[in-house]
Structures are given as structure tokens and as C-alpha cells.
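1. My questions are about this predicted structure, shown below with the sequence.
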Amino acid sequence: MTPLHPPVRGRTAAGRGTGRTAVLALLLPVLLLLVGVPAALAADGRLEGTVTGPDGAPVARVCLTTSAQDSSGGHYTLSGEDGTWSMAVPAGAPVLHVERCGTSALVGQQFYDHATRPEDATVLQVTDGGTTHVDVHLDAPAALSGTVTDDAGVPVPDVCVDASGPNDTDRARTDGSGRFAMTALSAGTFRVHYASCDPGGPVASVTATDSVTLAAGEHREGLALRAQRSAQVRTTVTDEAGAPLSGACLDVVPAGSTDGGQRLLPSGSDGVARVA
């Protein structure tokens, strides 16, 4: 009599071994992703050193990034509480970029060794399997402060002042006395731009005519910025039946302009949209 179910034939030891090998081959890439590849397998050399401030004291939480002089590629680490740092990098000749991380306000951006541009940086040498020791001594950051007033000389609060340089950008908000201060800028030339921090605020967007050049450690005070009051625009949006439309967004574009305009705040439940 023919059995209802054919008998199950067991695999040989060799067959079981081949199957386990195949399974391991499939699982190995997944395991490597989960546990990580050891640094020694992922890189050819190592950079390490200590970050110290202008006073010689160790500086923690400083970001250090290596890249080619054309800014391609890159590896990243940050200094520890004692200022020490270490990172695995491919063998070659990288440039080291140093900048503040997170809320640190003691460091302006710079390149090793005391350069403000990557093309002026000292190129490091990393050998296959070797360790290069690099101590980073930070330049004193530059600072910029001043006041924003209106045409009558009245201080204007809640104005956001931006300083944009070749390697650094910072922002400060004016207080109730119209004063602002940026205390962690790198050396370089900055364009200053300012406007109301809040959309639709009373101060128009302005870029200062003159740029500001700061040396390492320089504290420039007394920058006087004149606020320009925005024109007031107000309109009502309705549907075909004349009922107010809420949530409509409109752009105010100067006649003949091809550069776009300024967006009005969305219309409210009464259909009114406005911008300062």
C-alpha cells in the first residue's frame, strides 16, 4: 500500500553543514551592522590630541572634523571633558576643522593651525597603521556688539541681527534696550543683516551697507544699526459670494520685480490678511 505521506529523508552531515554556512553568510552582514565594524578595520590611521583655549586650559565639547582641502569626505569627533580627542581616519593628508558644538560659546571656527580658510590650513600627515598627535590651541574668539534704533533714536527690541562670514554665521536678538552681542565669532569679514525676529514684525529686512572685519580676539563694540519700519499691508480675502476666507496665503510683490516678495500672514476667520 502506498503511504499517504512520503517518508521524510534526513540530510547528511555534509548537507547540514552547507546549509548552516549559507545561513551564516546571509546573517553576517546584518550582524556587522548591528554590532558595528571595529575602528581598526574601518580606518588606516589615527589622529589624537588635546584642545586647549587661549588661556591654556582644556576645552570640552569642541567639534573636530577632518576633510580634504576641497572639503570632500570627512570624519568627526568632539573633545572630552579633559580636552582630549581621538578619531580613526584613512591614511592621507587631511585638513582639520575646529568649531564649537551645541551651546558652547567659547570657540570661533578655525582650521589647524590658526587658519581661517581651508586652503590656508596646515595639512596633516596620517600614515597607514600610525598615530599622529595634534594639539589644537584655540584662538580667542572675536565679538561684535551694538544697538538697533529707529529714525527717532529709540531702541528697537526683538530684532534679529545676523553676522555671516566665510566660515561662520551667528545670530543675536536685541533686548529691551535695543542692544545685541555675539561673543563667539571667528576671525574674518562679516556681512550684517537684521530684521524683526517674528514674521510680520515692524522692522523691515535690511543688509548693512558696510561689512565688518574682525581679527582673532577682537571685540568690536558700538555697531549702530538703523531700523527701517515696514510698510503696513492689509487686505480682506473673500469667496465668490463675498464670504470671508480663512487660511489664505498671499504674497506682496513690488511692481516689475522678479525676485519674489513678502508673504502675508494667513488670513484669519474674518478673511483679513496683513503683513508689517
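-> Everything's here; your move. This is a predicted model, so every value here is computed, not measured. Residues are numbered from 1 along each chain as shown.
2. CA only for contacts and neighbour counts going forward, please
-> OK.
3. which parts of stretch 195-213 are buried?
-> Under the neighbour-count criterion of 16 or more other CA atoms under 10 Å, stretch 195-213 has 195-197, 200-206, 212 buried.
4. contacting residues for the residue nearest to G74 when sequence neighbours are not counted?
-> In space, and not counting its chain neighbours, G74 is closest to S67: 4.2 Å by CA to CA, 6 or more residues apart in numbering. Going by CA atoms under 8 Å, 6 or more residues apart in numbering, S67 touches 73-75, 94-97.
5. can you redo the residues you listed as CSV with neighbour count, distance to S269 and pLDDT?
-> Conversion of the contacts of S67 to CSV gives the following (neighbours: other CA atoms under 10 Å; distance: CA to CA, whole Å; pLDDT from 0 to 100):
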residue, neighbour count, distance to S269, pLDDT
G73, 11, 51, 64
G74, 15, 51, 78
H75, 14, 52, 87
P94, 24, 58, 88
V95, 25, 56, 88
L96, 26, 55, 89
H97, 23, 51, 85
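6. Of those residues, which is the nearest to P54?
-> Distance to P54 across the contacts of S67 (CA to CA) is lowest for H97, with 17.1 Å.
7. A60 and V98: what is the separation?
-> Per CA to CA, to the nearest Å, A60 is found 12 Å from V98.
8. again with S186
-> According to CA to CA, S186 and V98 sit 11 Å apart.
9. which SSE is the closest residue to R179 other than its chain neighbours in?
-> Leaving out its chain neighbours, the residue that sits closest to R179 by CA to CA, 6+ apart is T147, at 4.4 Å. Using DSSP states H and E, T147 sits in strand 142-149.
10. ok so, going back, tell me, what's touching S186 and V98 both at once?
-> Common contacts of S186 and V98 (CA under 8 Å, 6+ apart): 109-110.
11. Buried residues, stretch 86-101. List them.
-> Buried, per 16+ other CA under 10 Å, within stretch 86-101: 86-91, 93-101.
12. Show the end-to-end separation of stretch 203-221, please.
-> When the termini of stretch 203-221 are compared using CA to CA, they are 22 Å apart.
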